[in-house]
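Chemist: here is the input, now give the coordinates:
(one chain, ligands or ions: 1)
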Amino acid sequence: MIVVRCDACGGSVAFDAERARAQCLFCAAVALEPLPLDQPPPPPERVVPFAIDDAAAREGFAKWCRGSWWRPAALRDVALQLQPLWLPAWRARAEVELHWAGLVAARTRSGRRPRAGVDRGAAEAMIPASLGVSPAELAQAAPFPPASRSWSGHDGAIARELPSLTEAGARTRVLATLEATRLREVAAREHLHDAGGTARLHALATSLESLPVYIGAFRFRDRPWRVVINGATGKLVGRAPIDRVKLAIAIAIGVLLLLAFAWWSRPPDQPGEPEDDAQPSVARRRSS
Ligand SMILES: [Zn+2]
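Modeler: Down below sits the predicted model:
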C-alpha cells in the first residue's frame, strides 16, 4: 500500500501499490507527495458496500448529461475518468434530549404565544472526515444506507481516503449537528416560530465508516470538472457546464420580454404634457 497526499487540496488517499495514480483523484492536481509509511493508517471499521457498478455509474453520468436542456450537447462526448473510492465519514447515533422553546400561533394581540417542552428521540448524523469531497457535496449525495459489514481485506482493492478528522474532533461537531436536526423536526411538528433549544446526548455511539463513492472527472472547455456519485444509491452530485449559446439566447429572450413589458406598461402618450408639467411654476411665478 502507498499513501499520497495532494498539496493542492490536502486529500490523502491510500492505494494498492500497483494502482498508484499520477493525478489527484479529487482535483486532478499532479502535486502528489508520497507519505512515509512507518505507521500504516488504521483500517476503517465499518463499510457501506457498493451497490452500483462502474457501468451503472457511467450510465448515471450519461443520463445526467442529457438531463437538462442547459447542458451542452458536447458534454455527452467527454471522456469520463471514473474512480471508485471509500470516503471516510463518522456516523454518530444518540438519544437526544432536547429542551426546546418557541412561539406558536394564538389569539393574542401579537398573534403568538410562547411554548416550551422536552423531547426525546433517536437521531443520527454523518460527519464527513474528507478533505477531497466537501461537506456540502456529501450532504447532497446523502443518504447512505447503514453500514452493513466490517472492513475486509478485499475492500483494500479500492482506493480509500484517509480520515482527516479524529473521533474526538467528530464528537465536538456531533452535538451541534444532532441538536439542529432534532430542533428542525420538533419545530415542524409543533409549528414553532423562532424555535431554539439545548440538547443533551445519551448513549452516543460513533463509528468510522467507509462510504462508497465514485469520483468522476472530465475536462470540458479546457477546465477540469468533477462529479461525485453515491455508490450505494447512484445519486449524482456536481456542477455542470452550461451551454453558452443557449444561455445567450435565454438572456436575449429575457431582455426582449423586459423591453416588451416596459413598452406595454408605459404611461399613455400625451403630447405636450412634459412641457405643461414644466410650465406651471414658471407660469405661477409670472402671474404673481
Ligand atoms: Zn487534490
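
Chemist: determine the longest helix present in this structure.
Modeler: Across the chain, the longest stretch assigned as helix under DSSP state H is helix 167-190.

Chemist: tell me where the stretch 1-150 of the chain has helices.
Modeler: For the stretch 1-150 of the chain, applying DSSP state H, counting those that start in this stretch gives helices covering 54-66, 135-141.

Chemist: ok, the closest residue to Q81 other than its chain neighbours - how many residues close by?
Modeler: Nearest residue to Q81 in three dimensions, chain neighbours excluded: A217, at 4.7 Å (Cβ to Cβ, 6 or more residues apart in numbering). Quick note: C-beta positions are derived from backbone N, CA and C, even for glycine. Counted with other Cβ atoms under 10 Å, residues neighbouring A217 total 20.

Chemist: correct me if wrong: A217 contacts P224.
Modeler: Yes. Here A217 reaches P224: they are 6.3 Å apart, a contact under Cβ atoms under 8 Å.

Chemist: what is in contact with the two at once?
Modeler: Taking Cβ atoms under 8 Å, 6 or more residues apart in numbering as the contact criterion, the common neighbours of A217 and P224 are A28.

Chemist: how long is stretch 66-78 from one end to the other?
Modeler: Stretch 66-78 has an end-to-end distance of 13 Å (Cα to Cα, to the nearest Å).

Chemist: CA atoms only: put the longest helix of the chain into CSV for me.
Modeler: These are the backbone C-alpha positions of helix 167-190, laid out as CSV (Å, rounded to 0.1, in the frame of the first residue of the first chain):
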residue,chain,number,x,y,z
GLU,A,167,-13.1,10.7,16.6
ALA,A,168,-12.7,13.4,19.2
GLY,A,169,-12.9,16.0,16.5
ALA,A,170,-16.0,14.5,15.1
ARG,A,171,-17.6,14.3,18.6
THR,A,172,-17.2,18.1,19.0
ARG,A,173,-19.4,18.6,15.9
VAL,A,174,-22.0,15.9,16.8
LEU,A,175,-23.8,17.8,19.5
ALA,A,176,-24.4,20.9,17.3
THR,A,177,-25.4,18.7,14.3
LEU,A,178,-27.8,16.5,16.2
GLU,A,179,-29.3,19.5,18.1
ALA,A,180,-30.1,21.2,14.9
THR,A,181,-31.5,18.1,13.3
ARG,A,182,-33.9,17.4,16.2
LEU,A,183,-34.8,21.1,16.6
ARG,A,184,-35.9,21.2,12.9
GLU,A,185,-38.1,18.1,13.4
VAL,A,186,-39.7,19.4,16.6
ALA,A,187,-40.2,22.9,15.2
ALA,A,188,-42.0,21.3,12.2
ARG,A,189,-44.1,19.0,14.4
GLU,A,190,-45.1,21.7,16.9
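
Chemist: contacts for it?
Modeler: Against helix 167-190 from outside (Cβ under 8 Å, 6+ apart): 90, 92, 94, 96, 98, 100, 102, 104, 115, 117, 119, 121, 123, 125, 127, 129, 192, 195-199, 201, 204, 206, 208.
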